[in-house]
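*Asks:* What would the 3D arrangement of this be:
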Amino acid sequence: MTGRAVYLDHAASSPLRPEALAAERAYDQSEVAGANPNSLHTLGRAAARELDGARRALVGVLGGRFRPSDVTFTSGGTESNNLAVIGLAEGARGRESRRRRVVLSAIEHDSVLDLVGPLHERGFEVDLVRPSREGIVEAGALEAVLDGDCALVSVMYANNETGVIQPVPALARAAHAAGALFHTDAVQALGHVPLELADVDAVSVAAHKLGGPVGVGALVCRGRVPLRPLSFGGGQEQGRRAGTQDVRGALAFAAVSEACHAGLDATRELVAGRAERLVGRLCAPGTGIVATVASRVDRLPGIVSVMAPGLDSETMILALDQAGFEVSAGSACSSGSLDASHVLLAMGIPREEALGSLRISFDERVDEGDLERFADTLITIVAERGGARARRPRE
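*Replies:* Model prediction:
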């Protein structure tokens, strides 16, 4: 590789924005730096006010009639999802003992799907709802598995591999009609599309997917909703999550959320246009590259999901990396897996095709010229590697 690398893996973690860095510097230079927001002295109370300001900013961005007191700061999306799914399921069962079923979509992030075993250990039954071929979890499919025993439904707001946006309001209403709680993982969506959360009981978000620091997130859960804590040892976060809060991280999270929200309409249009042109270039006739979902499907603006049937993701990722382009095959949390994406398999894509998937993700800070160079490079790699494979004698 020569020259600078072009980072096209923002869906894994997005580079820090100036607003986040400024918020961190301001905190570091303030008198409350390092003060415990749970202390009763003057600096402790000042730190608590800063933390409350971050809560107000975050719910202002989220909308959905949430209140600042609904915000529980966490270490990131994984902890938020763990607390939401197990904590809400336990809370719902504690309020009504017959509710012993949890319904998840089959395309959830690993931080949700890996809870199937722990839920079983806690005495819950778990059902997975499959999406359509276009990656959409339809309300009718959810309604078909709901009954009066369901405690919780969790469906992500937008998929982290395909970018497909889910019909969250309709799904939440279907869950509520069955008396179940509804949680959505909006980690990938926050700051990239407007969120419709009025019907949602709880939502998970994280800072590092929109240019904030790694290691800070939040579970925003309505106060009326029963939530059982998973950590113990202090009364922080209204008893929902023990441990001294990261005030610095919360302030940076709030700052970058507000910055992204303020320019959301223009940024979304700009990034969506670049993604559309990239897909058109990559998936033109004769390239050997195909899109995983149709262009008509509502998606996050900066996620492009394609496949090169006959090739494997690892080969392409390493070749692209050598050429100076950094992409992934799917979720970074399962990048060590050599198997096909569970998301694409759940959509009904054959394993042989899914093994050749790539996720290209970016925001408005990625230059369109770099995207054009990336397209040229990937098309050349697929042509060369695909041709070599076709010429290889069969064993």
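
*Asks:* For the closest residue in space to residue 125 that isn't next to it in sequence, give the beta-bridge partners.
*Replies:* Distances taken as Cβ to Cβ, 6 or more residues apart in numbering put residue 101 closest to residue 125, at 4.7 Å, once the chain neighbours are dropped. Any C-beta I mention is one placed from the backbone N, CA and C, and that applies to glycine too. Going by DSSP bridges, residue 101 is paired in beta bridges with residue 125, residue 150.

*Asks:* From residue 135, how far off is residue 86?
*Replies:* As judged by Cβ to Cβ, to the nearest Å, residue 86 and residue 135 stand 26 Å apart.

*Asks:* And these two? Which one has more around it.
*Replies:* residue 135 (27 against 21; other Cβ atoms under 10 Å).

*Asks:* Tell me which other helices or strands the lengthiest helix in the chain touches.
*Replies:* Secondary structure of the chain per DSSP state H: the longest helix is helix 368-391. Counting contacts by 3 or more Cβ pairs under 8 Å, 6 or more residues apart in numbering; DSSP states H and E, helix 368-391 is packed against strand 6-7, helix 264-282, helix 313-322, strand 325-326.

*Asks:* cutoff 10 Å now
*Replies:* Where contact means 3 or more Cβ pairs under 10 Å, 6 or more residues apart in numbering; DSSP states H and E, helix 368-391 is packed against strand 6-7, helix 264-282, strand 303-307, helix 313-322, strand 325-326, strand 357-361.

*Asks:* Ok, which of those comes nearest residue 61?
*Replies:* Smallest distance to residue 61 across the helices and strands packed on helix 368-391 (Cβ to Cβ): 9.3 Å, for helix 264-282.

*Asks:* Given the following helix or strand past the closest one, what are its sheet partners and their directions?
*Replies:* Next in sequence after helix 264-282, counting helices and strands by DSSP states H and E, comes strand 290-291. Strand 290-291 has the following sheet partners, assigned by DSSP bridges: strand 303-307 (antiparallel).

*Asks:* Can you list the buried residues in the partner strand?
*Replies:* Across strand 303-307, burial judged by 16 or more other Cβ atoms under 10 Å covers 303-307.

*Asks:* Phi first, then psi, for residue 129.
*Replies:* With angles defined as degrees, to the nearest 10, residue 129 sits at phi -100, psi 130.

*Asks:* re earlier: how about the longest helix of the chain as PDB, C-alpha atoms only?
*Replies:* In PDB, the C-alpha atoms belonging to helix 368-391 read as follows (Å, rounded to 0.1, in the frame of the first residue of the first chain):
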ATOM      1  CA  GLU A 368     -16.300  11.100  -3.900                       C
ATOM      2  CA  GLY A 369     -13.100  10.800  -5.800                       C
ATOM      3  CA  ASP A 370     -11.900   8.200  -3.300                       C
ATOM      4  CA  LEU A 371     -15.100   6.300  -3.800                       C
ATOM      5  CA  GLU A 372     -14.500   6.300  -7.500                       C
ATOM      6  CA  ARG A 373     -11.000   5.100  -7.100                       C
ATOM      7  CA  PHE A 374     -12.300   2.400  -4.700                       C
ATOM      8  CA  ALA A 375     -14.900   1.300  -7.300                       C
ATOM      9  CA  ASP A 376     -12.200   1.000 -10.000                       C
ATOM     10  CA  THR A 377     -10.000  -1.000  -7.700                       C
ATOM     11  CA  LEU A 378     -12.600  -3.400  -6.600                       C
ATOM     12  CA  ILE A 379     -13.900  -4.000 -10.100                       C
ATOM     13  CA  THR A 380     -10.300  -4.800 -11.200                       C
ATOM     14  CA  ILE A 381      -9.800  -7.200  -8.200                       C
ATOM     15  CA  VAL A 382     -13.000  -9.100  -9.000                       C
ATOM     16  CA  ALA A 383     -12.100  -9.300 -12.700                       C
ATOM     17  CA  GLU A 384      -8.600 -10.600 -11.900                       C
ATOM     18  CA  ARG A 385      -9.500 -12.900  -9.000                       C
ATOM     19  CA  GLY A 386     -12.700 -14.200 -10.700                       C
ATOM     20  CA  GLY A 387     -10.900 -14.800 -13.900                       C
ATOM     21  CA  ALA A 388      -8.100 -16.700 -12.200                       C
ATOM     22  CA  ARG A 389     -10.600 -18.800 -10.400                       C
ATOM     23  CA  ALA A 390     -12.500 -19.600 -13.600                       C
ATOM     24  CA  ARG A 391      -9.200 -20.700 -15.300                       C
END
